[in-house]
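> Pasted the sequence and its predicted model underneath.
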Amino acid sequence: MNRIEGRVKVTGLATYAAEYPVEGLVHAFPVQSQIAKGRIRQVDAAQALAMPGVLAVLSSEDPPELAAAASGELALFQSREVAYRGQLVAAVVADTLDNARAAAAAVRVGYDPDDHDVSLRADHPGLYKPDTVNPGLPTDTEKGDVEAGLAAAATVVEVTYATPVLHNNPMEPHAAIACWDDEGRLLVYDTAQGTTWSRDILARVLGLPADRVRVVSRHVGGGFGSKGTPRPQAVLAALAARAVGRPVKAVLTRQQMFDVTGYRTPTIQRLRLGADAEGRLTALEHVAYEQSSTLEEFAEQTATPTRIMYATPALRTAHRLVRLDVATPSWMRAPGEAPGMYALESAMDELAYAAGMDPIELRVVNEPDTEPHSGLPYSSRDLVGCLREGARRFEWERRDPAPGVRRDGEWLVGTGVAASTYPARRRPSRARAVRREDGDYLVQVAAADIGTGARTALTTIAAGALGVDPDQVHVELGDSDLPAAPVAGGSMGTASWGSAVVRACEELKSDGREGVADTTEEIEGDAQFARHAFGAQFAEVRVSSVTGEVRVSRLLGVFAAGHIIDPQLARSQFIGGMTMGMGMALMEETLTDEEFGGFLRRDLAQYHVPACADVRDVEAVWLDERDVELNPMGSKGIGEIGIVGTAAAIGNAVFHATGHRLRELPITPAKILMSRF
Amino acid sequence: MKTFDYARADSAAEAVRDHAPGTMYLGGGTNLVDLMRLGVAEPDRLVDVSRLPLDRIEQAGDRVRIGATVRNSDLAADPGIRARYPMLARAVLTGASGQVRNVATVAGNLLQRTRCAYFQDVTRPCNKRRPGSGCPAIAGDHTNLAIMGASEACVATHPSDMAVALTALGAEVHVTGTGGDRVIPMPGLHRLPGDEPERDTVLEPGELIVAVELPPPPPGAMVYRKVRERASFAFALVSIAAALDVGADGTVAGCRIALGGLAHVPWRAERAEQALLGGPATGEAFLRAAEAELEQASPLPRNAYKVPLTRNLIVSTLEGLAS
Ligand SMILES: Cc1cc2nc3c(=O)[nH]c(=O)nc-3n(C[C@H](O)[C@H](O)[C@H](O)COP(=O)(O)OP(=O)(O)OC[C@H]3O[C@@H](n4cnc5c(N)ncnc54)[C@H](O)[C@@H]3O)c2cc1C
Ligand code: SF4
């Protein structure tokens, strides 16, 4: 189905957070730390306060009141300690954005700097074992004897992979408008991937009951996780509005987005794999080293996909974290799975070569009966089907596995494959469905449409449940005053909201007028299953033997992700994820500035994502899967699996093309040239 | 962004007259306005020269005169340029994006500033932006910076693609200023950083570029090739503009090589050219020429890849032209 809001979007009529016409609006602009670690001696705002249009300067000189529960990145101006370069240390509120920005440059912040440490290393003395990794998973798992498995193996692969800092870079910048009313109620137009959660967190940070806060995010221009929880701009707008008694808008610049809205942690990943003569794994170990800030522990679940992928008698996964003088990492499309599967699926390719096996057959012989780490049965798993279908479409049987032998002029050509996976979960949600006076149906749920087409998918789901034409269904979302719903995250949005919408529609059908649903109990009663989507990614690359340039001439993703609710929307999600995976493989990288702290290359002229010319032939197909253990729609989330495995497939193809294994992303011409030519 | 005055000049003479300390000329603004928003450029006054009547491409005898305000997209699309100077059309087309090229001017393109990340960030030191503050790129991120002609004060590169082609073609830059008119040959407009990295070019304050003149194209085939990790909308890691004329006896009768992404200037590979002239047009000779040029390279740890890249690029481009 075409996107319901397509017309308002392309005609510029869709209202995004920064665009709400609010009377009497003034602007806040942040002042950012210029040291990576230390203490703020003083904030001298005298000059800024004397500048035209300036209404207030907020800083730790006179910390604005926040609840004791406020912590980490949202505890704005509460402490004089500086945790990283770029952290918000003050803000100016002024009548115009230009005046606020000019005055922000005039705020003088004095520091007592300390030595900083911003470099992740696998031998960092500060590495420790967090209690859990996101989202509350065990930090380490161990089953069987890895050393014995390796000792008994016919083939052993021991490799280390590294991935850089990556930034989500949604098109729409993080923005918020905060308005307090006379009774002390707060309305925030924010760029939120979930208004219910945003409201709850903002209320907690500000020390307000949740019913006094309302968050509205009707249209969100992408988030990829970076808008999953409130970011500093929402708190800043609320504090500034309270301080000046007027509504305040805070819009982050692209550079500030790099600094304070989260990023994917860099990783160093050590893998050890052993296989017997038939290629069956005898041991599999995956240890991930990653970073967080001194403000908050964010422990990415990088090695967790290894717990569910392949059968092995000995399986160990572990995560170690170090707290550096850096901003707090956050969620970015397929957090954990994207970097973790890059390493695992590259290592599997190395194992296939070491064992002299076809990489698809290696995966097939290691297909497990039950989830390796938990022993749970899969609700459905069709990795093998995806590999086989992809192999057929990619004419894999005609592939000569020998690396570095195919040439087209100066271009070396190679193909690669990698598996893909992502959890298929759902969270409790509420929804309401009513029959309107005009006979149409209104469906309400505090879901978020972050550009995915959630509004459209929920319309399809409701229409199906009601047995009516989608034209008769009107979905309202993006407002915390609507029935509470979880975030658009973890590929759980549609499964969670859709479950509640179906139940509400069922009730409406029997009631005739209204249906209200809360799926908390239903989900608590879900049977124990391992629920995941799977996929296979195939890549063909061309590597210039002259320049080291890598061009992806073909990408194919085959996914088994339950019932596909809307093929058109699903295709966009898959190929969008795969394209982002291409960026991860070949170009995306934020550099950490070792000398001064903070990040370098903080704009889109320097942080490269694929341009249209890079996206030549990207194709996504899916196998229809019937799985009754998921949710009423039988669907699995599809927002993230597209990025999982793409980088490995491309890296494996680069090896096939050149004979060189590059184990550090991104695979740039510089790395290719230095390794080879 | 600092508040500034804005004036539009109706003639080159008026623009020059209007120039005072703190004044900057405004072309398409695609680089200058970016730098103003970043606080890197803080002019008191802009004199908009983008609508001066200098927007024509004219044949003048066997030479071609390109007005300073000709838009990049118009230059690349001009049938005469495409037919006679294909490397120039190609170089311009590989730069930036369609939207940027539609507003960017020829003069502005030549005078665009380095893309060094430290230069663009006013919260960090940079000798080019704040003389004497230091050059953090040398110990930090210099992946895309210079391997030739750099100094201890600055390792920046000039980012223009067009300038590389103009350097190979031996273009002349026509300028006017309070001191009168003068002609600056390419290479020669841009300068190496030395201990004055704040000066990108030899232009005096207030000097206005009015045109770029092309001599007749060199005989033989010519090409522009740009290397970048994504297929479009990225500055060159290294680029090459080359023309090669192989005589009937198989020896090199004429040769032009200019390189982008290597230095503070579009780099004319004179040593390579000298090495080739009169010699055989073979892969071996091309390699020797490339190596002769690259003897001057002094790469840093993160941009050492540019040495093999440039070598390969010279050899492969010349081989392509020779065949
Ligand atoms: C995202 C992005 C990507 C880009 N990628 C590339 C690329 O790949 N390759 C490439 O070559 N370029 C690239 N560019 C740069 C682009 O080519 C330049 O910004 C553009 O050519 C500058 O022209 P302008 O007319 O807009 O100059 P302006 O920004 O107006 O001016 C630039 C400078 O020239 C001065 N000036 C302007 N006109 C005159 C004159 N007549 N006489 C004297 N001084 C003058 C100005 O004072 C200023 O200092 C990119 C730019 C952007 C924004
Ligand atoms: S290389 Fe030049 S432009 Fe870059 S930081 Fe050093 S001095 Fe500044």
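In hand now; what should we look at? Just so it is clear, the model here is predicted, and its values are computed rather than measured. Numbering: from 1, shown residues only, chains lettered A, B, ... in the order given. Ligands and ions are numbered 1, 2, ... in the order given.
> For the strand or helix carrying residue A:233, name the packing helices and strands.
Assigning secondary structure by DSSP states H and E places residue A:233 in helix A:232-244. Here helix A:232-244 touches strand A:26-32, strand A:54-59, strand A:88-94, strand A:175-180, strand A:186-190, helix A:195-206, strand A:248-251, going by 3 or more C-beta pairs under 8 Å, 6 or more residues apart in numbering or on different chains; DSSP states H and E. C-beta coordinates here come from the backbone N, C-alpha and C atoms, glycine included.
> could you redo the last one with a cut-off of 10 Å?
Contacts defined by 3 or more C-beta pairs under 10 Å, 6 or more residues apart in numbering or on different chains; DSSP states H and E place helix A:232-244 against strand A:26-32, strand A:54-59, strand A:88-94, strand A:175-180, strand A:186-190, helix A:195-206, strand A:248-251, helix A:254-260.
> TSV please, covering these and showing mean pLDDT, mean neighbour count and distance to residue A:661.
Listed next are the helices and strands packed on helix A:232-244 as TSV, based on pLDDT from 0 to 100; neighbours: other C-beta atoms under 10 Å in any protein chain shown; distance: least, C-beta to C-beta, whole Å:
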stretch	mean pLDDT	mean neighbour count	distance to residue A:661
strand A:26-32	98	25	40
strand A:54-59	98	23	50
strand A:88-94	98	27	42
strand A:175-180	98	25	43
strand A:186-190	98	25	44
helix A:195-206	98	24	42
strand A:248-251	98	27	44
helix A:254-260	98	21	30
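> can I get these in CSV with distance to ligand 1?
As requested, those are arranged in CSV below (distance: least, C-beta to the nearest ligand atom, whole Å):
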stretch, distance to ligand 1
strand A:26-32, 23
strand A:54-59, 30
strand A:88-94, 27
strand A:175-180, 22
strand A:186-190, 29
helix A:195-206, 33
strand A:248-251, 21
helix A:254-260, 12
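> as a whole number, average confidence for the helix holding residue A:233?
Averaging pLDDT along helix A:232-244 yields 98.
> now swap in stretch A:599-612 and tell me
For stretch A:599-612, the per-residue pLDDT averages 96.
> And it, how far out from the chain middle?
Taking C-alpha atoms, centre = their mean, to the nearest Å, one finds stretch A:599-612 lying 18 Å from the centre of the chain it belongs to.
> Span of that stretch from start to end?
One end of stretch A:599-612 sits 26 Å from the other (C-alpha to C-alpha, to the nearest Å).
> tell me the domain boundaries of chain B?
According to automatic domain parsing, chain B is divided into the following domains: B:5-47, B:221-322.
> most tightly surrounded among those?
Greatest average neighbour count among these goes to domain B:221-322 (a mean of 21), per mean count of other C-beta atoms under 10 Å in any protein chain shown.
> does ligand 2 sit close to that one?
No - Domain B:221-322 does not reach ligand 2 (C-beta under 6 Å from any ligand atom); its nearest approach is 8.2 Å.
> Now do that domain, average pLDDT.
Domain B:221-322 shows a mean pLDDT of 97.
> and it, anywhere near ligand 1?
Yes - remark: domain B:221-322 sits within contact range of ligand 1 at residue B:235, by C-beta under 6 Å from any ligand atom.
> next one: that domain to chain centre, how far?
In terms of C-alpha atoms, centre = their mean, the centre of domain B:221-322 is found 16 Å from the chain centre.
> Now do the strands in the stretch 1-150 of chain B.
B:5-8, B:23-26, B:45-48, B:57-60, B:63-67 (DSSP state E, counting those that start in this stretch).
> circling back to that earlier point, among the domains of chain B, which is nearest chain A?
Of all these, it is domain B:221-322 that lies closest to chain A, at 3.7 Å by C-beta to the nearest C-beta.
> one step back: can you lay out the strands of the stretch 1-150 of chain B as CSV showing mean pLDDT and distance to residue A:638?
Converted to CSV, the strands of the stretch 1-150 of chain B look like this (pLDDT from 0 to 100; distance: least, C-beta to C-beta, whole Å):
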stretch, mean pLDDT, distance to residue A:638
strand B:5-8, 96, 50
strand B:23-26, 98, 48
strand B:45-48, 97, 50
strand B:57-60, 95, 52
strand B:63-67, 98, 52
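> Could you export those strands as a markdown table, including distance to chain A?
Shown next, in a markdown table, are the strands of the stretch 1-150 of chain B (distance: least, C-beta to the nearest C-beta, whole Å):
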| stretch | distance to chain A |
| --- | --- |
| strand B:5-8 | 15 |
| strand B:23-26 | 19 |
| strand B:45-48 | 16 |
| strand B:57-60 | 27 |
| strand B:63-67 | 26 |
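> Tell me which of those approaches ligand 2 most closely.
Ligand 2 lies closest, by C-beta to the nearest ligand atom, to one member of the strands of the stretch 1-150 of chain B: strand B:23-26, at 18.4 Å.
> Could you check that closest one against ligand 1 for contacts?
Yes - contact of strand B:23-26 with ligand 1 (C-beta under 6 Å from any ligand atom) involves B:24, B:25, B:26.
> Just to check, the second one is in contact with residue B:54?
Right, residue B:25. No - the pair residue B:25 / residue B:54 is not scored as a contact, 11.7 Å apart, by C-beta atoms under 10 Å.
> which residues do these two both contact?
Counting by C-beta atoms under 10 Å, 6 or more residues apart in numbering or on different chains, the residues touching both residue B:25 and residue B:54 are B:68, B:105, B:107, B:208, B:209.
> and ligand 1, which of those contact it?
Applying C-beta under 6 Å from any ligand atom to the shared contacts of residue B:25 and residue B:54, one finds that B:68, B:105, B:107, B:208, B:209 fall near ligand 1.
> In PyMOL, how would I select the buried members of those?
Burial among those is assessed by 16 or more other C-beta atoms under 10 Å in any protein chain shown; the matching PyMOL selection reads:
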select buried, chain B and resi 68+105+107+208+209
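> of the ones next to ligand 1 among the shared contacts of residue B:25 and residue B:54, closest to residue A:281?
Residue A:281 lies nearest to residue B:105 out of these, by C-beta to C-beta, at 61.8 Å.
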